[in-house]
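> Sharing a model that was predicted from the sequence below.
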Amino acid sequence: MNALAYPTPAIGLWRLMEWRLDPRQLVRWTERVLELGARVFDLADIYGDYEVEAGFGRALALQPALREQLFLATKCDIRLVSAKRPAHRIKHYDTSRAHILASVENSLRVLHTDRLDLLLLHRPDALMDADEVAGTLDGLRRAGKVLAVGVSNFSVSQLELLASRLPFPLLTNQVEFSVLHTAPLGDGTLDQCQRLRIAPMAWSPLGGGRLFAGGGEREQRVRAALAEVGAERGGWTVDQCALVWLLTHPARVVPVLGTRNPDHVRAALAVAHEKFTREQWYRVLQAINGHDVP
């Protein structure tokens, strides 16, 4: 199931352990989110100080049928300093064959699954050996342990290097992208995604809460523009409009939502196939930049 082929928001589980749901409550929450139409669940080995994968895995173990209904994405290659990883002396990145294989095996074990729908390299590793990484990822894919591969926070050149060694296409590049962080528009990231026909995933698609809580002139200006366009579109909320601004881009952006509130998921899904007119999109861009386009 290539869930990233559709403009449906992913559900980010970065803060799962803060939600304090026991496995049965998490099963009910997951079932509810699936009923609403979400399919992609985004995790990483390091989330929640190495606890999120296991936490979600306990729910999957309690209700194994859930696994067939969802698209499971996780990440590896960051080594955090943590009491749970006493061998890590400093925070660093590791894309060695040994670390990738160990990370995948651990993710499969704690998630109680026999395959990952998507594995992302979490951060660019300055010591990445592209041939070694490509061979490792290809082997995992051939073994059926990883069905698709992507990257996260990679620059255009870093993605190009890895892609040049792989015998299959990368599925995504997960990057920070929102109305308050528009770097991917100008640094070549979205251009590359279009050229390679891969769907970028957008983490922090609502600006990490700054869109609503930020009191700066820029945040106020962007909120006002989104509210104005939302009124024109029949009452869309500011957060819905912030997502539609991303979804309007032809790169087919997949926002990663960090909410546990089913109502917020429902609102996001309600506009998942919507787009702004060009004038509306550029009006928001004008508010983002604080001036007309050149």
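On my side now, so go ahead.
> residues near residue 215, how many?
7 (other CB atoms under 10 Å). For the C-beta atoms, the positions are set from N, CA and C on the backbone; glycine is no exception.
> cool, and residue 208?
By the criterion of other CB under 10 Å, residue 208 has 15 neighbours.
> For it, list the residues it contacts.
Going by CB atoms under 8 Å, 6 or more residues apart in numbering, residue 208 touches residue 178.
> Please repeat the previous calculation with a cut-off of 10 Å.
176, 178, 180-181, 214, 258 (CB atoms under 10 Å, 6 or more residues apart in numbering).
> for residue 286, same thing?
Taking CB under 10 Å, 6+ apart, we find residue 286 in contact with 221-222, 225, 292-293.
> closest to residue 20 among the contacts of residue 208?
residue 258 (15.9 Å; CB to CB).
> so how far is residue 93 from the nearest residue in space to that closest one that is not next to it in sequence?
Excluding its sequence neighbours, the residue lying closest to residue 258 (CB to CB, 6 or more residues apart in numbering) is residue 12, at 4.5 Å. When distances are taken as CB to CB, to the nearest Å, residue 12 and residue 93 turn out to be 21 Å apart.
> if you count what's nearby, which of those two comes out ahead?
A direct count of neighbours by other CB under 10 Å for residue 12 and residue 93 places residue 12 higher, at 24 against 18.
> okay but the more buried one is in contact with residue 255, surely?
Yes - taking CB atoms under 10 Å as the definition, residue 12 is a contact partner of residue 255 at 9.1 Å.
> okay, and the common contacts of those two?
In contact with both residue 12 and residue 255: 201, 203-205, using CB under 10 Å, 6+ apart.
> All the strands of this protein, in order from the start?
Residue ranges of the strands in the chain, as given by DSSP state E, are 10-12, 40-42, 71-76, 78-79, 92-93, 118-121, 149-152, 173-176, 201-203, 254-257.
> Which one of these lies nearest to residue 100?
Comparing the strands of the chain by CB to CB, strand 71-76 comes nearest, at 6.1 Å.
> partner strands of that closest one, parallel or antiparallel?
Using DSSP bridges, the strands paired with strand 71-76 are strand 40-42 (parallel), strand 118-121 (parallel).
> most tightly surrounded among the ones you listed?
Most buried of the strands paired with strand 71-76, by mean neighbour count (mean count of other CB atoms under 10 Å): strand 118-121, with a mean of 27.
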